[in-house]
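any chance you can model this:
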Amino acid sequence: MADLDPVIHAEARLRVVASLATLGPKDQMLFTRLQEILSMTPGNLSTHLRKLEDAGYVEVTKAQLGRKPATYLALTQRGRGAFETYRASLAALLENTEPSA
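Purely as a prediction, here's the structure:
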């Protein structure tokens, strides 16, 4: 059986990583934009981002957007690698699963 990364495997974190993986390697997304895309509350999104950041998968950058504070998010190289490994492990798991009768 394939090992699925437990940090990514939680549904909300999988959605976060999958969304950020659509960006280019040097691109970032505003926290508020990701929150809007995923329909998550700020607190819930922050909690999952913290776990991903602690694992080294997501980089969080605080900045100013005009006069307002802004939080930018991006997958790290480690995060991209972990997501690709997760996808490959999931594909292998699905390929080896026999349908039930």
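
tell me, how many neighbours does the closest residue to Leu14 other than its chain neighbours end up with?
Take Leu14 and drop its neighbours on the chain: the residue closest to it by CB to CB, 6 or more residues apart in numbering is Ile8, 5.6 Å away. Just so you know, the C-beta spots here come from the backbone N, C-alpha and C atoms, and that holds for glycine as well. Close neighbours of Ile8, defined as other CB atoms under 10 Å, add up to 23.

mean confidence for the helix ranked longest in the chain?
Ranked by residue count under DSSP state H, the longest helix found in the chain is helix 77-95. What helix 77-95 shows for mean pLDDT is 93.

ok so, going back, so what's the residue nearest to Leu14 up against?
Residues near Ile8 by CB atoms under 8 Å, 6 or more residues apart in numbering: 14, 17, 57, 82-83, 86.

quick one: which helix or strand includes it?
Secondary-structure assignment from DSSP states H and E places Ile8 in helix 6-9.

what about that helix, distance to the chain center?
Put simply, helix 6-9 sits 9 Å off its chain's centre (CA atoms, centre = their mean, to the nearest Å).

now the helix or strand following it: buried residues?
Remark: after helix 6-9, the chain's next helix or strand is helix 11-21, criterion DSSP H and E. Buried residues in helix 11-21, counted by 16 or more other CB atoms under 10 Å: 12-17, 19-20.

tabulate the residues you listed (TSV), appending distance to Leu45 and pLDDT.
Below are the buried residues of helix 11-21 laid out as TSV (distance: CB to CB, whole Å; pLDDT from 0 to 100):
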residue	distance to Leu45	pLDDT
Ala12	8	97
Arg13	10	98
Leu14	13	97
Arg15	10	98
Val16	7	98
Val17	13	98
Ser19	11	98
Leu20	12	98
